[in-house]
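Colleague: everything below, folded, please.
(2 chains)
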Number of protein chains: 2
Amino acid sequence: MHGAAILTIHSPAINSNLKPNISFNEKIMTTTELTQALQWRYATKSFDANSKLSDEQVEALTNALHTSPSSFGLQPWKFLIVENPEIREQLKAYSWNQPQVTDASHLVVLCVKESISEADISQWIARLAEVQSTPLDKLAPLQGMIHGFTGAMDAATMQQWNTRQVYIALGQLMTAAAVLNIDSCPLEGISPSDYDQVLGLSGTGYKTVVACALGIRSSDDKYATAPKARYPREHVISVIR
Amino acid sequence: MHGAAILTIHSPAINSNLKPNISFNEKIMTTTELTQALQWRYATKSFDANSKLSDEQVEALTNALHTSPSSFGLQPWKFLIVENPEIREQLKAYSWNQPQVTDASHLVVLCVKESISEADISQWIARLAEVQSTPLDKLAPLQGMIHGFTGAMDAATMQQWNTRQVYIALGQLMTAAAVLNIDSCPLEGISPSDYDQVLGLSGTGYKTVVACALGIRSSDDKYATAPKARYPREHVISVIR
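Modeller: Next up, the predicted model:
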């Protein structure tokens, strides 16, 4: 772990299981606001190194990661929120020296769980039973379904499948940031194996997949004011009526 | 195409390129509201077949797909919004008969572009030059970087990479839906090759990856009121201080 202790979060919020507490009739963001937020978002190349996200913002982003959907709810991932500046300096060297790694307020490293074993499935079913106060035998059909689905995969296929789940979380994280007016930059241009070494992941069953810098854009980032570039909508979206 | 015409959307909104128009100081959603929305979201098993999303909602979700981030902005995807009931009936048969496929207001099929050719890279660079009024020669370094990155991949690796990008869009779509209080259910339990056949994708260079049903939850979906199940936060998230 190269001298850095991995501390866990012991926030009282969300760790418990809340019942859904808002109705779907209660609009909490207008469509226009959402569209503006997603239009405002861009892959931030230059972060303001002096702007730090508030505890409240970090808490909300952490919750977005925590609640991210995954296939069967298996959550085949680990998210490392790297605050330690020395570690981030080390990671920058394995990120084509992209300044976002050290300048952004926060850096999240999204890691994949390489495989899902029988024990992992049993652990998840036990967790479900606990959280939803459901007898284990009622969850046996679900357990069988997960077993059947994952049992048909070879190791490489399973790791790819798990990695795709991690990208759902990356998508949720960046969208969540956008609606809070927090800047983000996904970082695929990194050396995962070197990240693994710096972060002490070797032998843990988890591997670095992708990183995401989060913070506030620098006022001099020329990309911030560039028109958003996408293909024309009809190039990528079709409606089958 | 089995009788269904693929019509493109010709909405005047967003298709043009808007400059970012909100400041990051302008909070458009509170952290509490976001957390509530993500807590409210769940993989909806039973949709109200009589509840249709409004045009405005569909427009916002379409925009969320359109603005989804992707590596180098390459957008290696196609999103099919399937409204046609007969087509959806056919797809249901290739989806383990999950009722969401036909009952949800809308069904999005997320497809991957199998490969990125030199011509694709040139097309993207040309689009960037057009949208951002940048001379092509100024984009040559970026083009070289994309070329170098993609050129090092074999066909299978590239398709997996592109598929991961599609999952970013899936994440953005579900999160966007949640903040609008729109229900969603990701559907991986489908037969992509059969979807390809029904949707006429064979030979197009695009393949079905995953689907997502969108609409309004049924009032009798027992899963809607079940406590949200995730591992304890410290199981999946660590902070490196």
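
Colleague: do a quick rundown of the strands in chain A.
Modeller: When assigned using DSSP state E, the strands of chain A occupy the ranges A:6-8, A:77-82, A:106-113, A:183-187, A:206-215, A:237-240.

Colleague: which stretches of chain A have low pLDDT?
Modeller: The model of chain A has pLDDT under 70 over residues A:1-27.

Colleague: ok, back up a step: with distance to chain B and mean neighbour count as extra columns, can I get the strands of chain A in TSV?
Modeller: In short, each C-beta sits where N, CA and C put it, glycine included. Shown next, in TSV, are those (distance: least, CB to the nearest CB, whole Å; neighbours: other CB atoms under 10 Å in any protein chain shown):
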stretch	distance to chain B	mean neighbour count
strand A:6-8	4	13
strand A:77-82	5	23
strand A:106-113	9	25
strand A:183-187	6	25
strand A:206-215	8	24
strand A:237-240	5	20
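
Colleague: next, count neighbours for the residue in chain A that chain B sits nearest to.
Modeller: Per CB to the nearest CB, A:G171 is where chain A lies closest to chain B, at 2.1 Å. Residues near A:G171, counting by other CB atoms under 10 Å in any protein chain shown, number 28.

Colleague: how close does it get to B:G151?
Modeller: 26 Å (CB to CB, to the nearest Å).

Colleague: what does A:V239 give?
Modeller: Taking CB to CB, one finds A:V239 at 35 Å from B:G151.

Colleague: same question, A:A213
Modeller: Where B:G151 is concerned, A:A213 sits at a distance of 26 Å (CB to CB).

Colleague: which non-adjacent residue is nearest A:P192?
Modeller: A:T208 (4.1 Å; CB to CB, 6 or more residues apart in numbering or on different chains).

Colleague: okay, and the beta partners of the one you found?
Modeller: A:C111 (DSSP bridges).

Colleague: for A:C185, same thing?
Modeller: A:A213.

Colleague: pretty sure it is touching A:D103, no?
Modeller: No: A:C185 is beyond contact range of A:D103, at 10.1 Å (criterion: CB atoms under 8 Å).

Colleague: what touches both of the two?
Modeller: A:F47, A:A213 (CB atoms under 8 Å, 6 or more residues apart in numbering or on different chains).

Colleague: now for A:M145, how many residues are close by?
Modeller: 14.

Colleague: let me know whether the residue of chain A closest to chain B touches B:Y167 as I believe.
Modeller: Yes: between A:G171 and B:Y167 a contact is recorded at 6.7 Å, counting by CB under 8 Å.

Colleague: let's have the strands of chain A in JSON lines, adding distance to A:K52.
Modeller: Below are the strands of chain A laid out as JSON lines (distance: least, CB to CB, whole Å):
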{"stretch": "strand A:6-8", "distance to A:K52": "18"}
{"stretch": "strand A:77-82", "distance to A:K52": "13"}
{"stretch": "strand A:106-113", "distance to A:K52": "8"}
{"stretch": "strand A:183-187", "distance to A:K52": "13"}
{"stretch": "strand A:206-215", "distance to A:K52": "8"}
{"stretch": "strand A:237-240", "distance to A:K52": "38"}
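
Colleague: mind checking which of those is nearest B:D220?
Modeller: strand A:237-240 (29.0 Å; CB to CB).

Colleague: what about the lengthiest helix in chain A, distance to the chain center?
Modeller: Determined from DSSP state H, the single longest helix within chain A is helix A:155-179. Relative to the centre of its chain, helix A:155-179 is centred 6 Å away, using CA atoms, centre = their mean, to the nearest Å.

Colleague: and that helix with strand B:183-187, angle?
Modeller: Here the directions of helix A:155-179 and strand B:183-187 differ by 160 degrees (axes from the mean of the first three to the mean of the last three CA atoms, to 10 degrees).

Colleague: the closest residue to A:L34 other than its chain neighbours - how many residues pack around it?
Modeller: Counting by CB to CB, 6+ apart, B:A60 is the residue found nearest to A:L34 once chain neighbours are left out, at 5.4 Å. Burial measure for B:A60: 26 neighbouring residues, criterion other CB under 10 Å.

Colleague: please apply the same query to A:L128.
Modeller: 22.

Colleague: over to the one 5 residues further on?
Modeller: Using other CB under 10 Å, A:S133 is surrounded by 10 other residues.

Colleague: leaving out the residues flanking it, which one is nearest to it?
Modeller: Nearest to A:S133 is B:P227, by CB to CB, 6+ apart, at 8.0 Å.

Colleague: look up how far A:Q132 lies from the one you found.
Modeller: 6 Å.

Colleague: kindly report the same for A:E83.
Modeller: On the measure of CB to CB, A:E83 and A:Q132 end up 34 Å apart.

Colleague: please apply the same query to A:L170.
Modeller: Counting by CB to CB - A:L170 and A:Q132 are separated by 27 Å.

Colleague: ok, the two, which is more surrounded?
Modeller: Per other CB under 10 Å, whichever of A:L170 and A:Q132 has more neighbours is A:L170, with 30 against 15.

Colleague: check contacts around A:S71.
Modeller: A:W161, A:Q165, B:P186, B:E188.

Colleague: closest to B:A178 among those?
Modeller: Using CB to CB, B:P186 comes nearest to B:A178 of the contacts of A:S71, at 12.3 Å.

Colleague: verify the contact between that closest one and B:G171 for me.
Modeller: No: contact criterion CB under 8 Å: B:P186 and B:G171 do not qualify, at 9.3 Å.

Colleague: shared neighbours, these two?
Modeller: Both B:P186 and B:G171 are in contact with A:P69, A:I168, where contact means CB under 8 Å, 6+ apart.

Colleague: for the closest residue to the residue of chain A closest to chain B other than its chain neighbours, give me its contacts.
Modeller: Excluding the flanking residues, the one nearest A:G171 by CB to CB, 6+ apart is B:G171, at 2.1 Å. With contact taken as CB under 8 Å, 6+ apart, B:G171 is in contact with A:S68, A:P69, A:Y167, A:I168, A:A169, A:L170, A:G171, A:Q172, A:L173, A:M174, A:T175.

Colleague: sorry, back to before: I'd like to know how many residues surround the residue nearest to A:S133.
Modeller: Look at B:P227: counted by other CB under 10 Å, it has 15 neighbours.

Colleague: can you check the one 4 residues further on too?
Modeller: For B:Y231, the tally of surrounding residues (other CB under 10 Å) stands at 17.

Colleague: equivalent analysis for A:S193, please.
Modeller: Around A:S193 there are 12 residues (other CB under 10 Å).

Colleague: for it, give me its contacts.
Modeller: Counted by CB under 8 Å, 6+ apart, A:S193 has contacts A:T208.

Colleague: swap in 10 Å and give it another go.
Modeller: A:Y94, A:L201, A:S202, A:K207, A:T208 (CB atoms under 10 Å, 6 or more residues apart in numbering or on different chains).

Colleague: please apply the same query to A:I28.
Modeller: Counting by CB under 10 Å, 6+ apart, A:I28 has contacts A:22, A:179, B:29-30, B:32-34, B:36-37, B:40, B:178-181.

Colleague: again with A:I116
Modeller: A:71-72, A:74, A:76, A:123-124, A:146-147, A:149-151, A:153, A:158-159, A:161-162 are the contacts of A:I116 under CB under 10 Å, 6+ apart.
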